[in-house]
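# Take this sequence and fold it.
(chains A, B, C and D)
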4 protein chains.
Amino acid sequence: MQDFIFKYEMEVRDYECDFQGVVNNSVYQNYLEHTRHEYIKTIGLDAVELSNNGINLMVTRVEIDYKSSLRSGDKFVSVLKMKRISPLRFGFVQNIYRLPDEKLVIKALVTGTSVNERGRPELPEELIKVWGLD
Amino acid sequence: MQDFIFKYEMEVRDYECDFQGVVNNSVYQNYLEHTRHEYIKTIGLDAVELSNNGINLMVTRVEIDYKSSLRSGDKFVSVLKMKRISPLRFGFVQNIYRLPDEKLVIKALVTGTSVNERGRPELPEELIKVWGLD
Amino acid sequence: MQDFIFKYEMEVRDYECDFQGVVNNSVYQNYLEHTRHEYIKTIGLDAVELSNNGINLMVTRVEIDYKSSLRSGDKFVSVLKMKRISPLRFGFVQNIYRLPDEKLVIKALVTGTSVNERGRPELPEELIKVWGLD
Amino acid sequence: MQDFIFKYEMEVRDYECDFQGVVNNSVYQNYLEHTRHEYIKTIGLDAVELSNNGINLMVTRVEIDYKSSLRSGDKFVSVLKMKRISPLRFGFVQNIYRLPDEKLVIKALVTGTSVNERGRPELPEELIKVWGLD
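Below is the predicted model:
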């Protein structure tokens, strides 16, 4: 877990669990999205504000491996690091570990880009700087 | 806010906001449910465990007044107190206030009961004790 | 069921069911909202379009009685009629019945208003006409 | 679209759209799951019933390419075909197309397995037959 640059702790809420008593698969994408948005706030960006200013952060691809399940009341940590994919695409390497035993729950690679009002790729300065994409 | 017996802080997540940029109405019910479940944990009960043992906590009625909206990134506190409704029905008086200005967002009264495997009302001991329903 | 002016059939999806195997309480609000939005389309309005034009339909209060539960795969019909509440507030009387036995699942009264960009109540013409609020 | 064995039509609901006015990424996983569950019903299986009998269908990996967005009110068709991955793992090849123009929205490969009460892989007969996994 050491080489991740951002760590965010959360806890499963009962309404996120499905008829099998475990967190529903789609909910993990909410956890992953929330983690990314919290991370980009730490570099001075806000997904909703960007959207209001005509810049939409967009996910173009996700790969998620479900390694084990979270259940009601479980605490977990969602971690993230960046990976350069192409000049206009950035990758979020995202894992989720159950706490306190740090059992791996989710291994994900989320590829994103940033699009302006005309639908053209346009990366905010802050992203370019922090992700070294120039 | 003084006479509430339980207070729980949360923060809006972007995926909870709808096309109007505010938290979707149905999401507040998730917040309220999560608050109730966290509260009953403090009196030694667990909604999911109870359900596995054949006791289902059931909501029979909700009344929610939407007084103002929460937006992306807003912090808020969800507070709760109990109100006796009938020998077999208990009421949760639940408010949500935005932080830090404590603006009232939600005023709710949630009526619940507890039902055993045969569908008959059966209140767990802990509920009767803490809610003084005997 | 005869005096309702709008009827909309749906089916429970598995991901809408919670750890108790029944549709989660908050999901019914999604069903009710979707029914209202489908209804107002039939009178020539679109909630998302209105919102883009600065008019937000807002719910100010809901009262929901949960009479019985829907389970995975259940079909149901969501019905609606209007009720005048005040010159600037309109009420949706909304019931949900399981199909095919028409068992009552939900009885709800949803109070709404319509607000312009300055936050002032402003009802679209179409609403006034159809709901006889003038 | 011809070689898909199952096609299921749906329509975007407003509450599924996020602050960017488009269907939230995680909602597509709900659409994909619902499509799989509807498909397996056509071969005589029911995900919730199986779960009650101790057999859990589990997703072990998803790959989703987001090719374009769905918006409020859009109709779409969710299509599916099977792909053998290994003796104990089956793949669902799933695409989503907007209607009526059949613009590609989602391209996904969802890998699943089926696990019994002791956590061991156990495929129901019906799956083996229809998917030719024996």
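# and residue A:105, helix, strand or coil?
Secondary structure, DSSP: H, G, I helix; E, B strand; the rest coil: residue A:105 is strand.
# ok, now residue A:39?
Applying three-state DSSP: residue A:39 is helix.
# so what's it closest to, chain neighbours aside?
Closest residue in space to residue A:39, ignoring its immediate chain neighbours: residue A:6 at 4.4 Å, by CB to CB, 6 or more residues apart in numbering or on different chains. Quick note: C-beta positions are derived from backbone N, CA and C, even for glycine.
# Which strands and helices lie in contact with the strand or helix carrying residue A:126?
Taking DSSP states H and E as the criterion, residue A:126 maps to helix A:125-131. In terms of contacts (3 or more CB pairs under 8 Å, 6 or more residues apart in numbering or on different chains; DSSP states H and E), helix A:125-131 is packed against strand A:75-86.
# buried residues in the strand it packs on?
Neighbour counts over strand A:75-86 (16 or more other CB atoms under 10 Å in any protein chain shown) mark A:76-80, A:82, A:85 as buried.
# quick one on the thing from earlier: give the buried residues for the helix holding residue A:126.
A:127, A:130.
# Phi and psi next, for the residue nearest to residue A:39.
phi -140, psi 130 (degrees, to the nearest 10).
# tell me, how many neighbours does it end up with?
18 (other CB atoms under 10 Å in any protein chain shown).
# dump the residue contacts of it.
A:35, A:38-39, A:42, A:79-81 (CB atoms under 8 Å, 6 or more residues apart in numbering or on different chains).
# JSON lines for those, including pLDDT?
Converted to JSON lines, the contacts of residue A:6 look like this (pLDDT from 0 to 100):
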{"residue": "A:35", "pLDDT": "97"}
{"residue": "A:38", "pLDDT": "94"}
{"residue": "A:39", "pLDDT": "93"}
{"residue": "A:42", "pLDDT": "91"}
{"residue": "A:79", "pLDDT": "98"}
{"residue": "A:80", "pLDDT": "96"}
{"residue": "A:81", "pLDDT": "94"}
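# Just name the closest of those to chain D, please.
Closest approach to chain D among those (CB to the nearest CB): residue A:35, at 12.9 Å.
# Next, the contact list for the nearest residue to that closest one once chain neighbours are set aside, please.
Spatial nearest neighbour of residue A:35, chain neighbours left out: residue A:78 (4.2 Å); criterion: CB to CB, 6+ apart. Neighbour list for residue A:78: A:7-10, A:31-32, A:34-35, A:94-96 [criterion: CB under 8 Å, 6+ apart].
# partners of residue A:78 in the sheet?
residue A:8, residue A:96 (DSSP bridges).
# got the contact list for residue A:21?
Contacts of residue A:21 (CB under 8 Å, 6+ apart): A:71-72, B:48, B:52, C:19.
# Try it again at 6 Å.
residue C:19 (CB atoms under 6 Å, 6 or more residues apart in numbering or on different chains).
# And it, how far from residue B:112?
Between residue A:21 and residue B:112 the computed distance is 21 Å (CB to CB, to the nearest Å).
# Tell me the pLDDT of the residue nearest to residue A:35.
pLDDT, residue A:78: 98.
# now residue A:93
96.
# So what's the gap between stretch A:59-73 and the chain middle?
11 Å (CA atoms, centre = their mean, to the nearest Å).
# anything in it near chain B?
Yes. Under the criterion of CB under 6 Å from any CB of the partner chain, chain B is reached by stretch A:59-73 at residue A:72.
# any residue of that stretch up close to chain C?
No. Shown here: stretch A:59-73 not in contact with chain C (CB under 6 Å from any CB), separated by at least 6.6 Å.
# Which residues of chain A lie near chain D?
A:19-20, A:25-26, A:29-30, A:48, A:51, A:56, A:59-66.
# and with 10 Å instead?
Proximity of chain A to chain D, by CB under 10 Å from any CB of the partner chain, involves residues A:18-22, A:24-33, A:47-48, A:50-52, A:56-67, A:69, A:107-112.
# Tell me the buried residues within these.
By 16+ other CB under 10 Å, the residues of chain A next to chain D give A:18-22, A:24-33, A:47-48, A:50-51, A:56-66, A:69, A:108-112 as buried.
# hang on, the earlier thing: separation between the residue nearest to residue A:39 and residue A:100?
According to CB to CB, residue A:6 stands 19 Å off from residue A:100.
# ok, the closest residue to residue A:74 other than its chain neighbours - contacts?
Nearest in space to residue A:74, with sequence neighbours left out and distances taken as CB to CB, 6+ apart, is residue A:12 at 4.7 Å. Residues counted as contacts of residue A:12 (CB atoms under 10 Å, 6 or more residues apart in numbering or on different chains) are A:22-23, A:27, A:31, A:69-76, A:98, B:48.
# Residue A:59 against residue A:112, yeah?
Yes. Look at residue A:59 against residue A:112 with CB atoms under 10 Å: they come within range, at 5.1 Å.
# what is in contact with those two at once?
A:36, A:92, D:66.
# which residues make contact with the least confident helix or strand in chain A by mean pLDDT from outside it?
Using mean pLDDT, DSSP states H and E, the weakest-scoring helix or strand in chain A turns out to be helix A:125-131, at a mean of 76. Residues from elsewhere that reach helix A:125-131 (CB under 10 Å, 6+ apart): A:5, A:39-40, A:42-45, A:50, A:55, A:57, A:82-84, A:87, A:90-91, A:112, A:114, A:123-124, A:133-134.
# follow-up on the earlier one: which of the contacts of residue A:6 sit farthest apart?
A:38 and A:81 (14.2 Å; CB to CB).
# Quick check on the contacts of helix A:125-131: which are buried?
Looks like the contacts of helix A:125-131 have A:39-40, A:45, A:50, A:55, A:57, A:82, A:90-91, A:112, A:114, A:123-124, A:133 buried, using 16+ other CB under 10 Å.
# Sitting in strands, which of the residues you listed do you find?
A:57, A:82, A:90-91, A:112, A:114 (DSSP state E).
# Just give me the closest of those to chain C.
residue A:57 (20.7 Å).
# these two touch, right, that closest one and residue A:50?
Yes. Residue A:57 is in contact with residue A:50 according to CB under 10 Å; the separation is 6.4 Å.
# shared neighbours of the two, which are they?
A:40, A:114, A:124, A:127, D:20.
# For the residue nearest to residue A:74, give its distance to chain C.
Here residue A:12 is placed at a distance of 11 Å from chain C (CB to the nearest CB, to the nearest Å).
# Then residue A:7?
Distance of residue A:7 to chain C, given as CB to the nearest CB: 28 Å.
# Next, the contact list for that residue, please.
A:1, A:35, A:39, A:77-80, A:97.
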